[in-house]
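**Q** I need the structure of the sequence given here:
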Amino acid sequence: MRRSDSEHGAVAALFAVMVSTGVVIAMGALVIDVGQIALERQELQNGADSASWTIAAKCINKPADCTMAKMSLVASDYATRNTKDGTADAQICLSNQTAQCTAWKSPGACATTTVTGGTSVEVRTSTRTGSGATSTTLLPPAFASAMSGSVSSGVMAGACGRVAWGPPGITKVFALGISMCDWKRMTGNGTQFYGPLDPLLSQLGLYSMLGLNPPTASAEGAIAQVLPAAVLGLPLPSCTTPVNLTEPRGWTWLYDNSLNPPDANCEISLKVGDLPRGFALSGLLAGKPCRDRLQAIYASKQPVLIPIFDQIEQTLLSLAPTYRIAGFAPFVLTGYDTLLPGVLTSVANLLQGNGLPSVLQKLLCTISACIYGYFTKTLVPVDLPNFGTGPDFGATIIGRTG
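**A** Model prediction:
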């Protein structure tokens with residue numbers, strides 16, 4: 001239906017009134033200022049996220065440098081580099097150094113999380129404009145402040161990023177246990193790991209992507225079976241200098257505490273502190289699933305998580321001692337000697353090209369059955385990290401938790 005002529009020009013008249021009273025200008029100024037605040041918060045969020053991931057990566061790569069003082073500088077650097085004007089405030093709190101954390105000044109708090117365990121860093125960024133005497137923690141309104149009657153001096157915007165890392169919460173692992181002593185010997189007490197080359201580099205390239213130094217090369221090692229060499233009183237390939245025969249060393253197949261064998265994939269459910277058992281002659285008694293899985297792992301040259309034990313409770317008459325699980329480590333198998341020839345033979349040293357282990361090691365391995373390989377490091381990003389406990393043996397998961 002056609003409108004009456006009396007309504008013509010009503011909108012134009014109303015608009016003229018709004019312009020004359022400053023309403024339209026005020027609305028425009030409000031839209032612009034709100035957009036400016038949103039942009040500021042996005043820049044601060046980018047700074048908080050990049051700073052928290054970088055700090056986590058640095059702490060994983062070099063724990064000795066993971067201090068509040070050093071990591072605060074990292075946070076400030078990333079916070080300022082992610083803002084257009086190059087200025088922003090940043091605060092951090094490391095979960096293992098909370099006594100040094102100060103009261104938060106930023107209005108941007110991290111979201112609550114249900115993730116427990118591991119170590120985390122929380123980074124909060126907030127507004128900082130200008131420099132020197134003109135520096136302020138408020139983002140001033142660009143247009144509204146110029147309007148008649150404006151009393152706003154600005155707002156403080158803020159953002160938060162939290163990243164956690166730690167050993168994975170393991171449920172099932174390959175049932176091949178290796179001593180902590182051998183892990184220390186082959187990694188220089190956790191300071192030297194082998195960085196896998198192709199095709200592993202494509203799978204573990206997260207180190208370079210996060211700016212971490214890749215694991216450095218170390219020699220392939222021979223690990224003798226726990227028994228019978230220990231029963232015969234023979235020293236196994238040295239884990240310590242001088243040799244300490246009381247320190248557990250070697251490898252063994254693990255069974256649960258009721259001596260049930262591993263599953264069809266040669267895996268066993270374990271967590272730190274568990275006390276699985278292992279037969280004294282497990283190299284001979286390993287079932288077909290474990291022999292098949294060992295062959296598959298050997299052929300793939302891929303790292304596999306294995307349990308690390310630090311205590312053996314046994315007597316000379318015990319054929320099934322218990323092994324205390326201290327943690328889990330990524331291990332690459334490169335060879336295997338057995339008392340039954342033809343199952344699998346060891347290969348030449350892949351890293352240094354100097355052939356098989358020494359004559360003494362080879363003699364001991366002939367008596368005791370050896371596995372050959374090296375320990376590496378893995379860093380896996382996950383959406384909802386499930387952290388375990390115990391020392392870091394090279395297997396780390398990382399994820400955002402706020």
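**Q** Every contact and neighbour count from this point should use C-alpha atoms.
**A** Fine.
**Q** List the residue ranges of the stretch 251-400 of the chain that fall below the pLDDT cut-off.
**A** Under the criterion pLDDT under 70, the flagged ranges of the stretch 251-400 of the chain are 280-286, 314-318, 338-368.
**Q** Would you map the helices across it?
**A** 282-285, 288-300, 359-368 (DSSP state H, counting those that start in this stretch).
**Q** Break the chain down into its domains, please.
**A** Annotated domains of the chain cover 10-166, 172-400 [automatic domain parsing].
**Q** how long is the longest one end to end?
**A** End-to-end distance for domain 172-400, by CA to CA, to the nearest Å: 24 Å.
**Q** The top strand by length along the chain - contacts with which helices or strands?
**A** Across the chain, the longest stretch assigned as strand under DSSP state E is strand 322-336. Where contact means 3 or more CA pairs under 8 Å, 6 or more residues apart in numbering; DSSP states H and E, strand 322-336 is packed against helix 288-300, strand 304-313, strand 370-375, strand 395-400.
**Q** And those: which comes nearest Val382?
**A** strand 395-400 (5.2 Å; CA to CA).
**Q** Any chance of the backbone angles for Pro65?
**A** Check again: residue 65 is Asp, not Pro. Phi and psi for Asp65, reported as degrees, to the nearest 10, are phi -90, psi 0.
**Q** Run through the residues that contact it.
**A** Counting by CA atoms under 8 Å, 6 or more residues apart in numbering, Asp65 touches 58-59.
**Q** Ser72 versus that one, what's the distance?
**A** For Asp65 relative to Ser72 (CA to CA), the value is 12 Å.
**Q** circling back to that earlier point, how about the helices and strands packed on strand 322-336, which one is nearest Ala175?
**A** Across those, closest to Ala175 is strand 304-313 (CA to CA), at 6.9 Å.
**Q** What strands flank the closest one, and is each parallel or antiparallel?
**A** In the sheet, strand 304-313 lines up against strand 176-179 (parallel), strand 322-336 (antiparallel) (DSSP bridges).
**Q** so that strand versus strand 395-400, what angle?
**A** Orientation of strand 304-313 against strand 395-400 (axes from the mean of the first three to the mean of the last three CA atoms, to 10 degrees) gives an angle of 120 degrees.
**Q** And the contacts of strand 304-313?
**A** Against strand 304-313 from outside (CA under 8 Å, 6+ apart): 173-181, 183, 247-248, 297, 321-332, 395.
**Q** Give me the buried positions along that strand.
**A** 304-312 (16 or more other CA atoms under 10 Å).
**Q** Asn257: neighbouring residues, count only.
**A** 16 (other CA atoms under 10 Å).
**Q** Look up how far Ile268 lies from it.
**A** Taking CA to CA, one finds Asn257 at 11 Å from Ile268.
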